[in-house]
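> The following comprises the amino acid sequence and a computationally predicted model.
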Amino acid sequence: MKLTILGCYSATPRTLNNTTSQVLEINNHMFLIDCGEGTQVQLRKHKIKFNRIKHIFISHLHGDHFFGLVGLISTFRLLTREADLHVYGPKGIKEVVILQMKLADSWTNYNLYFHELTSNDSELIFEDEKVEVYTIPLNHRVYTNGFLFKEKTGLRKLDVYAAEKAGINQAYFRKLTQGFDVVNEKGVLISNELVTKAAAKPKSYAFCSDTMYKEDIIPLIQNTDVLYHESTFLEQHRHLAKKTKHATAKEAASIAKQANIGTLLLGHYSTRYNDIGKFKDEAKQLFDNVELAEDGKSFKF
């Protein structure tokens with residue numbers, strides 16, 4: 001599981017800081033999460049292949065989280081994209097994008113699908129044989145969702161030497177990886193566990209931005225490997241966090257601790273702060289395993 005931070009600051013882009021956007025690579029998928037202004041420039045800068053992006057998840061309709069979307073969709077058209085593109089986001093996102101395309105008379109030459117979200121409960125919005133994606137209802141000034149990406153349990157790992165030694169025909173190897181016991185060439189039932197090993201533990205990633213402190217999400221993200229949680233403010237400006245429905249680094253750490261998160265990744269910093277190291281210092285008062293999102297930084301988990 002690899003996460004590349006394209007932008008992690010709040011409100012407005014600056015010379016060296018971009019607004020929210022990140023790419024999650026998980027089980028051969030490349031998911032784009034939020035698409036702030038300048039996202040496609042960041043994609044080029046960090047050599048991320050445009051054509052691998054098939055699914056885009058937009059948390060909410062504040063500009064610093066989706067103003068780059070129309071430009072990216074347009075660029076896909078200019079690059080003669082053929083693959084389908086799916087966009088998941090709040091109701092209204094289709095209207096915003098389609099209006100701009102209509103007025104510019106600039107329609108895509110690929111299939112563009114919108115999956116508009118309205119539920120205040122967590123729901124499954126994407127699933128294939130390898131990955132599931134759920135919404136995480138958040139509490140912000142407008143309708144907002146986070147997203148939980150979960151790998152499904154993979155196939156068991158076959159010990160070919162052990163299977164052949166046990167007299168199992170190769171025709172049954174696939175069933176062994178699926179967890180079945182099989183009969184060998186002498187008619188003896190061979191236990192699956194004798195010739196296979198358990199699959200690697202499925203990995204999970206939760207993205208939560210923007211939101212005020214919200215304990216309701218804890219059951220939804222319990223035991224998640226990595227949690228990205230907004231930390232727009234430090235505790236000294238907690239009154240601003242409450243007013244604007246954002247969170248502090250300490251509040252993010254509290255969520256991570258209660259949810260038994262593996263790694264907490266902080267981001268969405270207010271540009272009022274010159275030293276983002278203070279966010280990590282504050283969070284580590286409650287939670288040990290803390291990382292800081294920074295533009296252009298990649299994490300492998």
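Arrived safely. As the structure is a computational prediction, the values presented were derived from the model and not from experiment. Numbers count the residues shown, from 1 in each chain.

> tell me the contacts of the closest residue to residue 272 other than its chain neighbours?
Among residues not flanking residue 272 along the chain, residue 237 sits closest, at 7.8 Å (C-beta to C-beta, 6 or more residues apart in numbering). No exception for glycine: its C-beta is placed from N, CA and C like everyone else's. Residue 237 sits next to 248, 270, 272 when contact means C-beta atoms under 8 Å, 6 or more residues apart in numbering.

> Residue 269 versus residue 237, what's the distance?
To residue 269, residue 237 is 12 Å away according to C-beta to C-beta, to the nearest Å.

> how close does the closest residue to residue 257 other than its chain neighbours get to residue 253?
Sequence neighbours aside, residue 287 is the residue nearest to residue 257 in space, at 4.8 Å (criterion: C-beta to C-beta, 6+ apart). As judged by C-beta to C-beta, residue 287 and residue 253 stand 4 Å apart.

> Residue 174 too?
For residue 174, the distance to residue 253 under the criterion C-beta to C-beta works out to 45 Å.

> Check residue 78 too.
Residue 78 sits 43 Å away from residue 253, taking C-beta to C-beta as the criterion.

> Have a look at the two and say which one is more surrounded.
Comparing residue 78 with residue 253 by neighbour count (other C-beta atoms under 10 Å), the higher total belongs to residue 253, at 26 against 9.

> Give me the phi and psi for that one.
Dihedral pair for residue 253: phi -60, psi -40, per degrees, to the nearest 10.

> go on, residue 29?
With angles defined as degrees, to the nearest 10, residue 29 shows backbone torsions of phi -100, psi 150.

> Look at it and say how many residues are nearby.
Counted with other C-beta under 10 Å, the neighbours of residue 29 add up to 18.

> Look at it and report its pLDDT.
Residue 29 carries a pLDDT score of 97 in this model.

> So what sits opposite it in the bridge?
residue 26 (DSSP bridges).

> Roughly how far does it sit from residue 1?
Distance of residue 29 to residue 1, computed by C-beta to C-beta: 10 Å.

> Equivalent analysis for residue 252, please.
Remark: distance between residue 252 and residue 1 (C-beta to C-beta) = 20 Å.

> Looking at those two now, which is surrounded by more residues?
When residue 252 and residue 1 are compared for neighbours, residue 252 comes out ahead with 32 against 17, by other C-beta under 10 Å.

> Please tell me I have it right and that one contacts residue 228.
No: using C-beta atoms under 8 Å as the test, residue 252 is too far from residue 228 to be in contact (9.3 Å).

> sorry, back to before: touching both of residue 287 and residue 253, which residues are there?
residue 264.
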